[in-house]
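A.B. asks: pasting the sequence and the predicted coordinates here, then a few questions.
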Amino acid sequence: MNVSHRFVIIAAIFVTCLITANIIAVKIISIGSAVLPAAIIVFPLSYIFGDILTEVYGYRWARRVIWLGFLCNLIFVFFAWVGQLLPAAPFWEDQEAYTSILGYAPRLLVASFCGYLVGEFANSFIMAKMKIATQGRWLWARTIGSTIVGQGLDTSIFIIIAFAGTTSFTPMMILYHWLAKTAIEALATPFTYKAVNFLKKRERVDVYDDKTNFNPFTISG
């Protein structure tokens, strides 16, 4: 498949949502009795665009974008860390604020990267397999079903690695995050349908991963 400008746009939005989520996740918000990171408003979008990539272009291209997102996030974190180490100008008084927002703790980084990779690959794998099993029908079932598993794994891995053993950890953190992300995916179903139908029509492509190698660590096949 030749890469089109539409594919590039979808991939760029996917990566942007991922990096944005990692930046704004430091703010904790309260919705009723649920305490959630501000990233809850944008991170689920990466799953929505991940669903669109897998549904239209197939698992092989989605896999490339997932690794691209990982690499871009790693680059961002590295240079944010370098910026933290650089000597501040004498008149600049916001070093503490910079460190507070962009100074990622190693434990949180490991939690974020592990949760992202496992969740995104599980989401894409289930989408691709369900598409074959349903012969391309019931897109809503594939998007929501894959999100339930992918977001569940992502959320569980992140919160357990990041907070297990601390006073702030409770199993309810996992439940609140998982329900909120899945609800956003479900509400976005009409948008997903429109985007998928538009892309399939314009790109004239609708990939079924019948012979795809689902190994997440290979780029070809």
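C.D. replies: Okay, I see it. Residues are numbered from 1 along each chain as shown.

A.B. asks: the closest residue to Asp206 other than its chain neighbours: how many residues sit nearby?
C.D. replies: Spatial nearest neighbour of Asp206, excluding adjacent residues (Cβ to Cβ, 6 or more residues apart in numbering): Lys200 at 5.0 Å. Heads up, the C-betas are built off the backbone N, CA and C, glycines and all. By the other Cβ atoms under 10 Å criterion, the neighbourhood of Lys200 contains 16 residues.

A.B. asks: what's the answer for Thr182, then?
C.D. replies: A total of 20 residues lie near Thr182 under the criterion other Cβ under 10 Å.

A.B. asks: then Asp154?
C.D. replies: A total of 27 residues lie near Asp154 under the criterion other Cβ under 10 Å.

A.B. asks: ok, now Phe169?
C.D. replies: Neighbourhood size, Phe169 [other Cβ under 10 Å]: 14.

A.B. asks: likewise for Trp92?
C.D. replies: Burial measure for Trp92: 9 neighbouring residues, criterion other Cβ under 10 Å.

A.B. asks: and what of Phe163?
C.D. replies: Under the criterion other Cβ under 10 Å, the count of neighbours that Phe163 has is 17.

A.B. asks: what about the closest residue to it other than its chain neighbours, which SS state?
C.D. replies: Excluding its sequence neighbours, the residue lying closest to Phe163 (Cβ to Cβ, 6+ apart) is Phe169, at 4.0 Å. Taking DSSP: H, G, I helix; E, B strand; the rest coil as the rule, one finds Phe169 in the coil state.

A.B. asks: can you give me phi and psi for Pro90?
C.D. replies: Per-residue torsions, Pro90: phi -60, psi -30 (degrees, to the nearest 10).

A.B. asks: now do it, the pLDDT please.
C.D. replies: The score at Pro90 is 92. That number is its pLDDT.

A.B. asks: and it, what is it in contact with?
C.D. replies: When the contact criterion is Cβ atoms under 8 Å, 6 or more residues apart in numbering, Pro90 has no partners at all.

A.B. asks: ditto for Ile31
C.D. replies: By Cβ under 8 Å, 6+ apart, Ile31 lies in contact with Ala180.
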